[in-house]
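A.B. asks: Have a look; sequence and predicted model below, questions after that.
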Amino acid sequence: MMSDPSMPGGAPEGWLGRIPQPVRFATIWVAERPVIVFAIATLLLSLVFILLPRLDLWFSRGFYDPETGFFPASRIPFAIWLREAANTVMWIIALALIATVILKIALPQRASAVQPRTVAFFLTSLVLGPGLLVNGFLKEISGRPRPIDIADFGGESPFVPAWQFTDYCATNCSFVAGEASAAIWLVVLVVVAPPRWRRAVLVATLAFATLVSLNRIAFGGHFLSDVLISWGLTLFVIAVVHYVLFVVPPAFLTNDAMEAGLTRLGLWLRRSVERGAKILGPAPIPADRNRTRRDVVMWGEGEEGEDDGQRPGNNRDGHGGTP
């Protein structure tokens, strides 16, 4: 079975045909089994840093200046800007996708600007990966001090290896890397890219994720293990969500079913608003204007309430007295 071109990291056959056959088979095998591959990769990375914990110290030491006692990159303006770049891009994509859902509900007869299944894939993988697993769970319970906080780099806390949970950090701790997770999440763009652009998009997103992640290490904000394990966990979540939505989707999660569901929701909301408007009724007319045409004719007043010569006691020629 050939790889699904919509899968994260899926590759068009055109460029696969130009690489050596063993590499080609390996690429196809990885593309067809991303859940297994990313699970194994995360386990192997974890095992490496558990067996070689000081690998983290060795790598971070390359960005530390012992003479000044800080990480110089943390004072470079571009590096400071780059720190938030991944989160900014992530939020722009998320808000744009949410806007397409709102537009579909507001105009239910029109087709969605972005396929509902694609929107569900992006937002679900974002919430479960960078949102809940990385930032909501592991960073809050790991207790791992950041490099800038440990004694090896001028801080006060001891060095804690990956996957060892302590109480040296109370919240928003080093393990695992949130910005790196947000950056690697951007590989989901491969799914919506045209087939001929998928290789370029994959290379660009991986390069961007690498730059952002190295920047966080250079800041002294994370260890190498924080970054690589966050990559593995995030890609694993992306692969699982993709498998559920694109490979073996239940009937209610197919694109047609979600499109129809959004249409029904939009129509229901529209009918509810219309019924609410009818129940509330029109705005009441002010008391001084709540007068019928009969009142005007009876009392002989014009529309502005002016005397038109027809008051009781006046004759038709406008003079008083009885006729």
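C.D. replies: Thanks, I have the structure now.
A.B. asks: C-alpha only now, for contacts and for neighbours.
C.D. replies: Noted.
A.B. asks: Could you pull up the contacting residues of residue 153?
C.D. replies: If you count contacts by CA atoms under 8 Å, 6 or more residues apart in numbering, residue 153 has them with 64, 66, 69-70, 147.
A.B. asks: hmm, try it at 7 Å
C.D. replies: 69, 147 (CA atoms under 7 Å, 6 or more residues apart in numbering).
A.B. asks: gap between it and residue 68?
C.D. replies: 11 Å (CA to CA, to the nearest Å).
A.B. asks: Check residue 218 too.
C.D. replies: For residue 218 relative to residue 68 (CA to CA), the value is 15 Å.
A.B. asks: who's more crowded, these two?
C.D. replies: residue 218 (23 against 9; other CA atoms under 10 Å).
A.B. asks: hang on, isn't the more buried one packed against residue 70?
C.D. replies: No: the criterion here is CA atoms under 7 Å, and residue 218 misses it with residue 70 at 10.2 Å.
A.B. asks: how about low-confidence regions in the protein?
C.D. replies: By pLDDT under 70, the low-scoring segments of the chain are 1-20, 23-24, 281-323.
A.B. asks: what residue is smack in the middle of it?
C.D. replies: Centroid-nearest residue in the chain: residue 94, 3.1 Å away (criterion: CA atoms, centre = their mean).
A.B. asks: Which helix or strand contains the closest residue to that one other than its chain neighbours?
C.D. replies: Leaving aside its chain neighbours, residue 94 sits nearest to residue 123 (6.7 Å; criterion: CA to CA, 6 or more residues apart in numbering). Element membership for residue 123, per DSSP states H and E: helix 116-126.
A.B. asks: After that helix, which helix or strand is next? Please name it.
C.D. replies: helix 139-141.
A.B. asks: what does the helix or strand following that following helix rub up against?
C.D. replies: Heading C-terminal from helix 139-141, the first helix or strand you meet, by DSSP H and E, is helix 178-185. Residues outside helix 178-185 that contact it (CA under 7 Å, 6+ apart) are 86-87, 90, 130, 134-135, 206, 209, 212-213, 227, 230-231, 234.
A.B. asks: do the same with stretch 229-248
C.D. replies: With CA under 7 Å, 6+ apart as the criterion, stretch 229-248 contacts 34-35, 38-39, 41-42, 45-46, 117, 121, 125, 129-130, 176-177, 180-181, 184-185, 253.
A.B. asks: just checking, what's the longest helix in this protein?
C.D. replies: The residue-count maximum for a helix in the chain (DSSP state H) belongs to helix 77-106.
A.B. asks: List the buried residues for that one?
C.D. replies: For helix 77-106, the neighbour count (16 or more other CA atoms under 10 Å) marks 79, 82-83, 85-87, 90, 93, 97, 100-101, 103-106 as buried.
A.B. asks: tilt between that helix and helix 178-185?
C.D. replies: Counting by axes from the mean of the first three to the mean of the last three CA atoms, to 10 degrees, helix 77-106 lies at 60 degrees to helix 178-185.
A.B. asks: other SSEs contacting helix 77-106?
C.D. replies: helix 178-185, helix 198-218, helix 255-280 (3 or more CA pairs under 7 Å, 6 or more residues apart in numbering; DSSP states H and E).
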